[in-house]
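1. following is a predicted model, sequence given first.
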Amino acid sequence: MSDQPYSIDRSSNSRRKAVEEWLFGLDLVSAEVRDNIVTAWVSSWASSQHERLEDMPFTHSGAFYPLMQHVNEVTRAGVDLARRAAADWGKPLDMDKLVSILILHDVDKPLLYVRDGENLVTSQLYKELPHGVVGAMLLKELGFPHEVVSVVATHATNAPFHASTHEAYVLHYADMFAADHAMLEMGRQPFYQRKH
Ligand SMILES: [Fe+2]
Ligand SMILES: [Fe+2]
């Protein structure tokens, strides 16, 4: 066993096929970016404890909500929002970057939440590096553009600060929209209802 929290898996295998079948939005990016997005998810999955994509959780506490579902909800909402943003904010968004950010913002979650018998708990890595930062490290290693790396690194609601590009805003609102849907489904308090 390596002492590294994850390793890059570029092998063409059944995992690649499953990831390609799962992810919404792969047809919206160039072939090279698509390949890199799939490698990122395959690497996280293969380095994780989760046997099937379906086993990956959105979060560790409360009822199980599939990460698979959350990721596609975020990408679909983000792609819709991007059209609005391009028209109303007057700036076209870079689809290769935006879709990479949407699909990959939670790529580290399979490494941060693990199963302990019946329960989902946080992993050792969760206590060593913040959510978002681990994903950003993986994406940096795969050669993703700096903007994708920085937005993923700082997207979490509790990050010390957030990026200010249009792509970062689109991710944020798409992520909150999808996360609150997950919270409602799980019977947990949505972000919108929390008092600060
Ligand atoms: Fe996240
Ligand atoms: Fe998310």
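-> Cool, got the structure. Ligands and ions are numbered 1, 2, ... in the order given.
2. from now on I want contacts and neighbour counts done on CA atoms only, so please keep to that.
-> Noted.
3. residue boundaries of the helices in this protein?
-> Along the chain, the stretches classed as helices by DSSP state H are 14-22, 31-47, 67-88, 95-104, 109-112, 133-141, 146-153, 166-186.
4. with mean pLDDT added, can I get those helices in a markdown table?
-> Shown next, in a markdown table, are these (pLDDT from 0 to 100):
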| stretch | mean pLDDT |
| --- | --- |
| helix 14-22 | 97 |
| helix 31-47 | 98 |
| helix 67-88 | 97 |
| helix 95-104 | 98 |
| helix 109-112 | 98 |
| helix 133-141 | 98 |
| helix 146-153 | 98 |
| helix 166-186 | 97 |
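5. His60: which of the ones you listed is closest?
-> Each of those has some distance to His60 by Cα to Cα; the shortest is helix 109-112, at 8.8 Å.
6. give me the helices and strands touching the closest one, please.
-> Helix 109-112 sits against helix 31-47, with contacts defined as 3 or more Cα pairs under 8 Å, 6 or more residues apart in numbering; DSSP states H and E.
7. kindly format the C-alpha coordinates of the helix it packs on as CSV.
-> Once non-C-alpha atoms are left out, helix 31-47 reads as follows in CSV (Å, rounded to 0.1, in the frame of the first residue of the first chain):
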residue,chain,number,x,y,z
ALA,A,31,-12.0,15.3,-26.3
GLU,A,32,-8.8,16.0,-24.4
VAL,A,33,-10.7,17.6,-21.5
ARG,A,34,-13.2,14.8,-21.5
ASP,A,35,-10.5,12.2,-21.1
ASN,A,36,-8.9,14.1,-18.3
ILE,A,37,-12.2,14.5,-16.4
VAL,A,38,-12.8,10.7,-16.7
THR,A,39,-9.3,10.0,-15.5
ALA,A,40,-9.9,12.2,-12.5
TRP,A,41,-13.0,10.4,-11.4
VAL,A,42,-11.6,7.0,-12.1
SER,A,43,-8.5,7.8,-10.0
SER,A,44,-10.6,9.0,-7.1
TRP,A,45,-12.9,6.0,-7.3
ALA,A,46,-10.1,3.5,-7.7
SER,A,47,-8.2,5.0,-4.8
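8. and the gap between Val121 and Gly25?
-> To Gly25, Val121 is 30 Å away according to Cα to Cα, to the nearest Å.
9. tally of neighbours for Glu167?
-> The tally of other residues near Glu167 (other Cα atoms under 10 Å) stands at 23.
10. and the closest residue to Lys91 other than its chain neighbours, how close does it get to Val152?
-> Closest residue to Lys91 in three dimensions, ignoring its sequence neighbours and counting by Cα to Cα, 6 or more residues apart in numbering: Ala85, at 7.1 Å. Distance, Ala85 to Val152, using Cα to Cα: 20 Å.
11. which one of these two has more residues nearby?
-> It is Val152, of Ala85 and Val152, that has more neighbours when counted by other Cα under 10 Å, with 30 against 19.
12. my guess is the more buried one contacts Ile101. True?
-> Yes - assessed by Cα atoms under 8 Å, Val152 is found in contact with Ile101 at 6.5 Å.
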